[in-house]
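Engineer: Fold the following and give me the result.
(one chain, ligands or ions: 1)
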Amino acid sequence: MKAFEWANAATVDDAVKLLAADSKTDPDEIPRPMGGGQDLLSTMKSYITRPPRVVNLKTINGLAKVQGDGSTGITIDALVTIARLTTHPEIMKSYPGLVEAAHSIATPQIRNMGTVGGNLNQRPRCWYFRAENLQCLRKGGETCYAIEGENKYHAIFGGGPCVVVHPSDLAPMLIALDATVKIAGPKGTRDLPIEQYFVLPKPGNARKENVLEPGEIVTQVHLPATTAKSTYLKFKERASLDFAMASVAAVVDFNADKSVKRASIVLGGVAPTPWRVPNVEVFLAGKKLDDATVKKAGELALDGASPLSQNGYKVPLTQTLVRRALAAVNA
Ligand SMILES: Cc1cc2nc3c(=O)[nH]c(=O)nc-3n(C[C@H](O)[C@H](O)[C@H](O)COP(=O)(O)OP(=O)(O)OC[C@H]3O[C@@H](n4cnc5c(N)ncnc54)[C@H](O)[C@@H]3O)c2cc1C
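Structural biologist: Sure thing, here's the model as predicted:
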């Protein structure tokens, strides 16, 4: 690990000042905020991230609150732990899909330490990215080694040039729930639909993972009021802790006759960002979720998928998850 300075932030403004950096500097060599530290420290240990300063957010008072309920909407601060999402009565009552997504993450120990802000901003789990001695495209190199290499866990959507999948289980669910994020930075604060937060790798810039500029942090996530049903289904290779091979976040608001008023479907584990499927949402509007509709929705969700040499299995797997998620919210 490269030597670094440690700074305890007292306030959000303080954190922003301590994180100040030049946007021209290598993005992995600028000061970094730390929540639970579970991902940041492991990327620092393998020299993927080499911040000159680590800014501890946990010393900020009042940045770990959950406020509101399903009728007003709920605001979740960035330092709220993943574990807290699984036991909060108002979240359990109105956003059960978020509870399922949080509960699917890792282990109780990791959920107790991991924060919402850290989960959304964790780095990709691609083994080429995580290998200390490989300078892959995502780290500023020339090559995405997964495209011609071991790509069983990689993307089937997104079109490259880097084929990582987004690791967060909270992110697809929060997008399906139409959440917004509050961002604080040197120019003040801004609110953004979380759907616009994550950034696909582009030719010439495969390193940018989200819209944050140097010095910016996520301070809150806001869930709008809801009457919709929600669920999160995740397929893992191991029954114990594991990242998603594929997952589906489904939020469906029904009319009185049980036809779909509005559906939001977001896939996880299949693209470098959470992957919304608007064609499915349009298809479902006004329909009842009978077997034929649910089956067709699963097929449509994978339209345009482009599997690599070892991950074709993700297509039928994700189709099945979409069908099961829709059946679950219809039950
Ligand atoms: C064994 C293991 C299994 C796991 N399994 C899963 C899983 O199944 N699903 C899943 O979703 N996750 C999984 N994780 C990831 C885990 O949930 C994350 O490590 C954790 O959520 C990160 O939270 P943290 O608060 O510790 O983040 P940190 O390590 O503190 O930060 C992570 C990153 O986010 C940045 N950051 C932190 N807070 C903010 C903020 N407020 N604003 C902007 N940037 C910020 C940091 O600079 C860093 O780059 C797993 C991790 C491990 C170690």
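Engineer: Next, count neighbours for the residue in the chain that the ligand sits nearest to.
Structural biologist: Closest residue of the chain to the ligand, CB to the nearest ligand atom: residue 118 (2.0 Å). For the C-beta atoms, the positions are set from N, CA and C on the backbone; glycine is no exception. One way to gauge burial is a neighbour count; for residue 118, by other CB atoms under 10 Å, it gives 24.
Engineer: same check, this time on residue 295
Structural biologist: Residues contacting residue 295 under the criterion other CB under 10 Å number 14.
Engineer: I'd assumed residue 326 was in contact with it.
Structural biologist: No. Applying CB atoms under 8 Å, one finds residue 295 not in contact with residue 326, separated by 9.5 Å.
Engineer: what packs against whichever helix or strand the residue of the chain closest to the ligand is part of?
Structural biologist: Remark: residue 118 resides in helix 116-121, with elements defined by DSSP states H and E. Under the contact criterion of 3 or more CB pairs under 8 Å, 6 or more residues apart in numbering; DSSP states H and E, helix 116-121 touches helix 82-87, helix 170-176, strand 217-223.
Engineer: same thing but at 10 Å, please
Structural biologist: Under the contact criterion of 3 or more CB pairs under 10 Å, 6 or more residues apart in numbering; DSSP states H and E, the helices and strands touching helix 116-121 comprise strand 32-34, strand 73-77, helix 82-87, helix 96-103, helix 170-176, strand 180-185, strand 217-223.
Engineer: any idea how far residue 195 is from the residue positioned nearest the centre of the chain?
Structural biologist: To find the centre residue of the chain, average its C-alpha atoms and take the closest one (CA atoms, centre = their mean): that gives residue 171, at 2.8 Å. The span separating residue 171 from residue 195 equals 10 Å under the rule CB to CB, to the nearest Å.
Engineer: what sits in contact with each of these two?
Structural biologist: Residues touching both residue 171 and residue 195 by CB atoms under 10 Å, 6 or more residues apart in numbering: 179, 266, 273-274.
Engineer: Strands - which of those residues land there?
Structural biologist: Members of the shared contacts of residue 171 and residue 195 lying in strands (criterion: DSSP state E): residue 266.
Engineer: which parts of stretch 46-54 are buried?
Structural biologist: By neighbour count, with 16 or more other CB atoms under 10 Å as the criterion, the buried positions of stretch 46-54 are 48-51, 54.
Engineer: now that stretch, how far from the chain's geometric center?
Structural biologist: 22 Å (CA atoms, centre = their mean, to the nearest Å).
Engineer: One more: stretch 6-21?
Structural biologist: 24 Å.
Engineer: Pull out the buried residues from that stretch.
Structural biologist: Buried positions in stretch 6-21, judged by neighbour count with 16+ other CB under 10 Å: 7, 9, 12, 15-16, 18-19, 21.
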